[in-house]
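*Asks:* From the sequence below, what's the structure:
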Amino acid sequence: MLTRILVSLFCLGLFLAHSSPAEAQGNLTVLMKTSKGDITIELDMVKAPISVKNFLSYADAKFYDGMIFHRVIKGFMIQGGGLTADFVEKQTRAPIKNESGNGLSNLRGTIAMARMEDLNSATAQFYINHVNNLSLDTYKYAVFGKVTKGLDVVDAIAAVPTATIKGYQDAPRQTVTIISVRRIEGK
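*Replies:* Predicted coordinates:
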């Protein structure tokens, strides 16, 4: 019995020694390449497993490739994942269950699911908080990760001039494209 416990602890030690801190905590990392630069995002699989799996299913299917940040409000957030450069919505999967109240807050640099009025209406759209937006916790917007590198890119996107384009308010006048979203292996 003692031998089995020691072997288990040894194996756990090997796993932790050879995994990144994010993996050891059950987190995954993605690289979002944009026309303004790269953003590295750590996704919290422990506190937001439904949202993370949903986001990764779209990323793995290359759904986000060529999409745009269609809503940008400096001092609030940048939103993407819903429209093409022609402001056409792509067909999404079924909405997911809202995971707000998971202990993650809408702080600067966190990524959360965008949704309609219905709490359980989030599909592919997400936003990255430009500033601390704790009021969004009250309104039950579910955070599922955080920017670990590229917050300067988030700032650059937030700073682009906006207008109403094809009926969409706060749309960047200069298109900001999501080139790709890919998992970073081993992170």
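
*Asks:* And whichever helix or strand Leu43 is part of, what does it pack against?
*Replies:* According to DSSP states H and E, Leu43 maps onto strand 37-44. Applying 3 or more C-beta pairs under 8 Å, 6 or more residues apart in numbering; DSSP states H and E, one finds that strand 37-44 contacts strand 27-34, helix 49-60, strand 143-149, helix 151-158. (C-beta placed from N, C-alpha, C; glycine too.)

*Asks:* so the first one versus helix 151-158, what angle?
*Replies:* Orientation of strand 27-34 against helix 151-158 (axes from the mean of the first three to the mean of the last three C-alpha atoms, to 10 degrees) gives an angle of 50 degrees.

*Asks:* Provide the angle between the direction of strand 27-34 and the direction of strand 143-149.
*Replies:* Using the same axes, to 10 degrees: strand 27-34 against strand 143-149 is 60 degrees.

*Asks:* And the contacts of strand 27-34?
*Replies:* Strand 27-34 is contacted from outside by 20, 22, 38-46, 52, 55-56, 59, 64, 69, 145, 148, 150, 153, 157, 176-184, 187, using C-beta atoms under 8 Å, 6 or more residues apart in numbering.

*Asks:* now do the longest one
*Replies:* Defining contact as C-beta under 8 Å, 6+ apart, one finds that helix 49-60 is touched by 28, 30, 43-45, 64, 81, 92-93, 96-97, 99, 113, 122-124, 126, 142, 144-145, 181-183.

*Asks:* Check which residues of that helix are buried.
*Replies:* 50-52, 54-56, 58-59 (16 or more other C-beta atoms under 10 Å).

*Asks:* Looking at those, which is nearest Lys74?
*Replies:* Phe55 (24.1 Å; C-beta to C-beta).

*Asks:* For that closest one, give me the pLDDT.
*Replies:* Looking at Phe55, its pLDDT is 98.

*Asks:* same deal with the one 4 residues further on?
*Replies:* On the pLDDT scale, Ala59 is placed at 98.

*Asks:* From Ala163, how far off is it?
*Replies:* 29 Å (C-beta to C-beta, to the nearest Å).

*Asks:* With Asp86 instead?
*Replies:* Separation of Asp86 from Ala163 (C-beta to C-beta): 16 Å.

*Asks:* what does Ala124 give?
*Replies:* 24 Å.

*Asks:* Comparing these two, which residue is more hemmed in?
*Replies:* Neighbour count, other C-beta atoms under 10 Å: between Ala124 and Ala163, Ala124 has more, with 25 against 10.

*Asks:* can you confirm the more buried one is in a helix?
*Replies:* No. Secondary structure of Ala124 (DSSP: H, G, I helix; E, B strand; the rest coil): coil, not part of a helix.

*Asks:* wait, doesn't it sit right on Gly81?
*Replies:* Yes. Taking contacts as C-beta atoms under 8 Å, Ala124 lies within contact range of Gly81: 4.8 Å.

*Asks:* Next, show the common contact partners of these two.
*Replies:* Joint contacts of Ala124 and Gly81 (C-beta under 8 Å, 6+ apart) are 58, 63-64.
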